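Undergrad: Sequence and predicted structure below; questions after.
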Amino acid sequence: MDVFKLEDYSHRRYNPLNGSWVLVSPHRAKRPWQGQKEEITTEKKLAYDKDCYLCPTNSRIGGERNPNYKSTFSFTNDFSALLPDTPEGLYEEDELLIAKSETGFCKVICFSPRHDLTIPDMDVSSIVKIVDLWQKEFENIGKMETINHIQIFENKGSVMGASNPHPHGQIWAQNSIPDEPFKEDQKQKEYFEKHGKSLLLDYVNKELDKKERIVIENDFFVALVPYWAVWPFEIIIISKRHIVDILQFSNSEKIGFAEIYKELTGKYDRLFNTSFPYSAGIHQRPTDGKKRSWWHFHMHFYPPLLRSATIKKFMVGYEMLANSQRDITAETSAKMLREL
């Protein structure tokens with residue numbers, strides 16, 4: 001009788017952060033299908049692009065002109081998905097048709113005046129300045145009574161919806177707590193009340209003992225492929241110290257975070273020898289005035305590439321209708337990234 005092994009047989013893995021499951025089918029990685037193939041187009045980027053609305057001194061779509069900034073720069077998005085002056089309202093035809101007004105605003109964070117850089121191309125001191133700006137924005141926006149959640153994130157690459165290659169990220173601040181952070185809030189709270197300590201602190205210590213899914217580690221942070229990863233080369237960066245938000249970073253932790261951010265994205269680029277696309281975002285305590293001591297700072301990376309620079313993981317069929325699914329195991333992904 002065969003013995004069940006994670007690396008050989010289909011199984012489901014539980015995500016304790018949000019309560020979901022992912023179907024893992026490692027035997028499917030042996031099948032002959034090679035996926036969609038596309039031509040790779042390489043385009044040499046300029047350090048300054050006169051037509052880029054994020055480069056210094058250029059005019060933006062809304063008519064404003066950027067200052068001649070030398071490091072980082074933030075501004076309110078000219079086409080924000082959230083608006084601060086949305087009137088309060090409720091549409092409720094019955095219990096099946098419900099809508100509520102939502103207020104907030106969106107900001108763009110330019111990482112560098114250089115049009116041709118991405119995070120792995122930048123030096124650590126420049127990335128620290130990005131962290132400085134994130135801290136400033138989180139602190140200032142978090143004081144607003146109408147804002148209860150601040151989402152800091154980066155979309156890299158057109159496949160992940162980045163409409164401009166200039167290195168930048170975004171901040172969406174809103175009145176309600178969105179679904180994913182809300183689920184993480186509930187699960188972290190349940191664990192903290194049961195065990196008296198952080199869910200992610202216990203988890204990262206377990207991973208440090210096992211060493212199977214660790215990709216990068218320094219004195220302050222760990223980058224690993226989570227046991228419950230959905231995307232092929234998904235990564236989560238977790239602080240080794242239990243901190244609830246980015247404002248609690250020490251100066252050494254800021255440098256440590258910048259180093260691991262740069263090293264991880266550099267590994268991504270080397271994996272398939274391409275400027276690796278991803279969506280990445282910080283999860284930290286909501287800003288609704290509650291203490292929320294159960295929160296633990298972390299950053300998710302969701303990259304779509306599967307087997308090469310031109311083969312992506314598509315969310316189709318079973319994944320859209322039933323459950324997240326992956327073929328390559330988290331342990332295999334971690335080993336590939338770790339060895340680069």
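TA: Nice, thanks for sending it over. These numbers were taken from a predicted model, which means no experiment stands behind them.

Undergrad: What residues sit buried inside the helix or strand hosting D185?
TA: Using DSSP states H and E, D185 maps to helix 179-195. Using 16 or more other Cβ atoms under 10 Å as the test for burial, helix 179-195 gives P181, K183, E184, D185, K187, Q188, Y191, F192. (C-beta placed from N, C-alpha, C; glycine too.)

Undergrad: before we move on, what about stretch 71-83?
TA: Neighbour-count burial for stretch 71-83 [16+ other Cβ under 10 Å]: T72, F73, S74, N77, S80, L82.

Undergrad: any idea of the mean pLDDT in stretch 50-61?
TA: In this model, stretch 50-61 has a mean pLDDT of 96.

Undergrad: what do you get for stretch 271-278?
TA: For stretch 271-278, the per-residue pLDDT averages 96.

Undergrad: can you check stretch 315-327 too?
TA: Rounded mean pLDDT across stretch 315-327 is 92.

Undergrad: After the helix or strand containing G104, which helix or strand is next? Please name it.
TA: Using DSSP H and E, G104 sits within strand 104-110. Following strand 104-110 in sequence order, the next helix or strand is helix 124-142 (DSSP H and E).

Undergrad: And that next one, what does it pack against?
TA: In terms of contacts (3 or more Cβ pairs under 8 Å, 6 or more residues apart in numbering; DSSP states H and E), helix 124-142 is packed against strand 104-110, strand 149-156, strand 168-174, helix 251-271.

Undergrad: Identify the farthest-apart pair in the buried residues of stretch 71-83.
TA: Distances among these were taken as Cβ to Cβ; the most separated pair is T72 and L82, at 22.0 Å.

Undergrad: circling back to that earlier point, quick one: strands adjacent to the strand holding G104?
TA: strand 73-76 (antiparallel), strand 168-174 (antiparallel) (DSSP bridges).

Undergrad: Could I get the average pLDDT for that strand?
TA: Mean predicted confidence for strand 104-110 is 98.

Undergrad: What of stretch 66-86?
TA: 96.

Undergrad: go on, stretch 286-306?
TA: 97.
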